[in-house]
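Student: coords please:
(one chain, ligands or ions: 1)
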Amino acid sequence: MTKKYDLLIRGGLVVSGSKIRKADVGIKGEKITSVEPRLPQGEAGRVIEASGKYVVPGVIDVHVHPVYEDDMGGLSFTAAHGGTTTLIHFAYAKPGMKLIDTIKKFKEEGLEKSYLDFGIHGALFDPASQVEEIPKAFDLGVTSFKMFMTYAKLKWMTDDYQLTHAMDVIAECGGLAMVHAESGLVTDYLEDRSLKKGEDQKEVFLKTRPDYLEAEAIFRAISIAAVMQCSLYIVHLSTERGVEPIQRAREEGQVVYAETCPQYLTLTDADLQKLGPLAKIGPPLRTDKDRLALWEAIQRGRIDVIASDHAPKIKKKEDPFFEAPFGSPQAETMLAISYDEGVNTGRINPCRLVQLLCENPAKIFGLYPKKGVIEKGSDADLVLFDPNQVQTIQSKTQHSKVPYTLYEGRRCLGMPILTMQRGKILIEGGEMKGKPGDGRFLATTINPKLKLPSLGGRG
Ligand SMILES: [Zn+2]
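Tutor: Here you go, the predicted model:
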């Protein structure tokens, strides 16, 4: 006789964005079929004991770069170990590349290699030649598009004319514009001036990328988005000064989402001075005042999403700082670090963490309630999180291909001990049970009228 449930997760604390309840979770096939105080154990193929553990929705990491040391296979492998079940990748269409071809290539690679379900954002490096392809991207299930307002020297920067053009087209299609907001040309001048003076680029890294330039670019992007009536998403917000223009626009009813990353919530320029090139990321690690201001913004509902900006590159502490590439591995540590720094310090409760890591990203990208919540009818994507288990983060036990982590030696209270995707156990006992190609492609959709519970100030 077939059982009513394939799996029953028993007696855990089931966390959503609004409440924590002690409940059993019944799973049949790929779906959650019951969440009730007590379910009959005899009707389950396997019972997983979860008392004293949190049962949280699988993390949805919407900011990852599978084009460096971890490809779509490797990235999903390392992320799954950290409690992530869904990824949204940036498909980098570099100058000279077609947007649609790039999206198709990423989709194919993901279907072949990914352990996790995944969506795709278009990333436009040359909007002048790529914007016209945006409407076709919607037919492929890609509805969000990122542009850089910085890295002018690298020729990655989108100027205001092209940004406006892109937002015009994105708004027309009902999509979401995403920006890396830093004033590229001003940064380049400051850097050139400093190089001419022969200054140590590590020491002045923060000074050549001051907070004003993030706030300026955010305000500029918001202004253009307001004129073009385009929904906007600010990736990796890193400064106190950047919070204000976002909040003001939200109070005026504009659709502007804000994301930050675990590294900006835990590390500062002091860590950069110790770790050198390993901690060279863009935007830079900021001051402790900025870090604390980001936590306050999270507490006040002014930041919607925590995502990793996972971009692992080969580099060493001793490398010349200026030549070292930007980026660090972050996907696997995100849940544990955010929990330890946010929940264990009393800054936020587990519900707020679930909003930031699961529920809000699912809602913003149209994956909710299939993803991002533990409810009857949702995909059985979930994580058992043991709040009493201590782990010491070490690169040798991490699964990224790069041999370092910015959190080496950090003790975290609380760790994910089981990751499940669509009813299938992916990680148990630290072992990957899934295989490449298990992941499915997820089309995103953007709702311009979305109201998130965290948007306290929005009318
Ligand atoms: Zn990024």
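Student: List the contacts of Leu413.
Tutor: Taking C-beta atoms under 8 Å, 6 or more residues apart in numbering as the criterion, Leu413 is in contact with 340, 344, 387-390. In this view, the C-beta of every residue, glycine as well, is placed from N, C-alpha and C.
Student: For the longest helix anywhere in the chain, name the packing helices and strands.
Tutor: With secondary structure taken from DSSP state H, the chain has its longest helix at helix 211-228. Identification of packing neighbours for helix 211-228 by 3 or more C-beta pairs under 8 Å, 6 or more residues apart in numbering; DSSP states H and E yields helix 160-173, strand 176-180, helix 184-197, strand 231-234, helix 240-251.
Student: what stretches of the stretch 51-200 of the chain score poorly on pLDDT?
Tutor: For the stretch 51-200 of the chain, no stretch has pLDDT under 70.
Student: Strands of that one, start to end?
Tutor: Per DSSP state E, counting those that start in this stretch, the stretch 51-200 of the chain carries strands over the ranges 54-57, 59-64, 84-93, 117-124, 144-148, 176-180.
Student: circling back to that earlier point, show me which of the contacts of Leu413 is closest to Met334.
Tutor: Closest to Met334 out of the contacts of Leu413 is Asp340 (11.0 Å), distances taken as C-beta to C-beta.
Student: Out of the strands of the stretch 51-200 of the chain, which is closest to Glu375?
Tutor: Between Glu375 and the strands of the stretch 51-200 of the chain, the tightest spacing by C-beta to C-beta is seen for strand 54-57, at 9.2 Å.
Student: who does the closest one pair up with?
Tutor: Note on strand 54-57: by DSSP bridges, its sheet partners are strand 5-15 (parallel), strand 382-392 (antiparallel).
Student: Determine which of those approaches Phe219 most closely.
Tutor: Comparing the strands paired with strand 54-57 under C-beta to C-beta, the one sitting nearest is strand 5-15, at 35.4 Å.
Student: Please name every helix or strand in contact with the next helix-or-strand element following that closest one.
Tutor: Per DSSP states H and E, the first helix or strand lying C-terminal to strand 5-15 is strand 20-28. Packing contacts for strand 20-28, counted by 3+ C-beta pairs under 8 Å, 6+ apart, involve strand 5-15, strand 31-36.
Student: Which one of the contacts of Leu413 sits in the busiest neighbourhood?
Tutor: The most crowded member of these is Asp340, carrying 24 neighbours; neighbours defined as other C-beta atoms under 10 Å.
Student: Now it. Nearest residue, chain neighbours left out?
Tutor: Nearest residue to Asp340 in three dimensions, chain neighbours excluded: Cys412, at 4.1 Å (C-beta to C-beta, 6 or more residues apart in numbering).
Student: The one you found against Tyr339, yeah?
Tutor: Yes. With contact defined as C-beta atoms under 8 Å, Cys412 counts as touching Tyr339 (7.4 Å).
Student: More neighbours: these two, which one.
Tutor: For Cys412 versus Tyr339, neighbours defined as other C-beta under 10 Å are more numerous around Tyr339 (25 against 20).
Student: ok, now how distant is the more buried one from Leu285?
Tutor: Noted for Tyr339: a distance of 20 Å to Leu285, by C-beta to C-beta, to the nearest Å.
Student: cool, Ala443 as well?
Tutor: In terms of C-beta to C-beta, Ala443 sits 35 Å off from Leu285.
Student: Mind putting the contacts of Leu413 into TSV with distance to Val142?
Tutor: Listed next are the contacts of Leu413 as TSV, based on distance: C-beta to C-beta, whole Å:
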residue	distance to Val142
Asp340	34
Asn344	37
Pro387	37
Asn388	41
Gln389	38
Val390	41
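Student: Mind putting these into TSV with pLDDT?
Tutor: Formatted as TSV, those follow (pLDDT from 0 to 100):
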residue	pLDDT
Asp340	98
Asn344	98
Pro387	98
Asn388	98
Gln389	98
Val390	97
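Student: Now do the contacts for Met157.
Tutor: For Met157, the contact set (C-beta under 8 Å, 6+ apart) comprises 148-151, 184-185.
Student: These into JSON lines, with extra columns for distance to Gly83 and neighbour count?
Tutor: Shown next, in JSON lines, are the contacts of Met157 (distance: C-beta to C-beta, whole Å; neighbours: other C-beta atoms under 10 Å):
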{"residue": "Phe148", "distance to Gly83": "29", "neighbour count": "23"}
{"residue": "Met149", "distance to Gly83": "32", "neighbour count": "26"}
{"residue": "Thr150", "distance to Gly83": "31", "neighbour count": "25"}
{"residue": "Tyr151", "distance to Gly83": "31", "neighbour count": "18"}
{"residue": "Gly184", "distance to Gly83": "35", "neighbour count": "22"}
{"residue": "Leu185", "distance to Gly83": "40", "neighbour count": "14"}
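Student: Please identify which pair of those residues lies farthest apart.
Tutor: Spatial extent of those (C-beta to C-beta) is set by the pair Phe148 and Leu185 at 12.2 Å.
Student: Show me the helices in the stretch 201-350 of the chain, by range?
Tutor: Applying DSSP state H, counting those that start in this stretch to the stretch 201-350 of the chain gives helices spanning 211-228, 240-251, 262-266, 269-275, 288-299, 334-338, 350-354.
Student: most packed of these?
Tutor: Mean neighbour count (mean count of other C-beta atoms under 10 Å) peaks for helix 334-338 among the helices of the stretch 201-350 of the chain, with a mean of 26.
Student: what's that helix packed up against?
Tutor: Using 3+ C-beta pairs under 8 Å, 6+ apart: helix 334-338 touches strand 59-64, helix 262-266, strand 382-392, strand 411-421.
Student: CSV please, covering those and showing distance to Glu323.
Tutor: Converted to CSV, the helices and strands packed on helix 334-338 look like this (distance: least, C-beta to C-beta, whole Å):
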stretch, distance to Glu323
strand 59-64, 24
helix 262-266, 21
strand 382-392, 32
strand 411-421, 32
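Student: Could you point out which of these sits nearest Gly74?
Tutor: Closest to Gly74 of these is strand 59-64 (C-beta to C-beta; 11.0 Å).
Student: and for the closest one, what are the contacting residues?
Tutor: For strand 59-64, contacts defined as C-beta under 8 Å, 6+ apart pick out 75, 79, 82-90, 121, 235-236, 259, 261, 305, 307-311, 331, 334-335, 357-358, 361-362, 364-365, 367, 371-372, 383.
Student: Stretch 356-363 now?
Tutor: Contacts to stretch 356-363, defined as C-beta under 8 Å, 6+ apart, come from residues 16-17, 56-62, 86, 88, 257, 298, 303-307, 334-335, 338, 348, 367-373, 447, 450, 452, 454.
Student: Any of those residues buried? List them.
Tutor: Applying 16 or more other C-beta atoms under 10 Å to those, the neighbour count classes 16-17, 56-62, 86, 88, 257, 298, 303-307, 334-335, 338, 348, 367-373, 452, 454 as buried.
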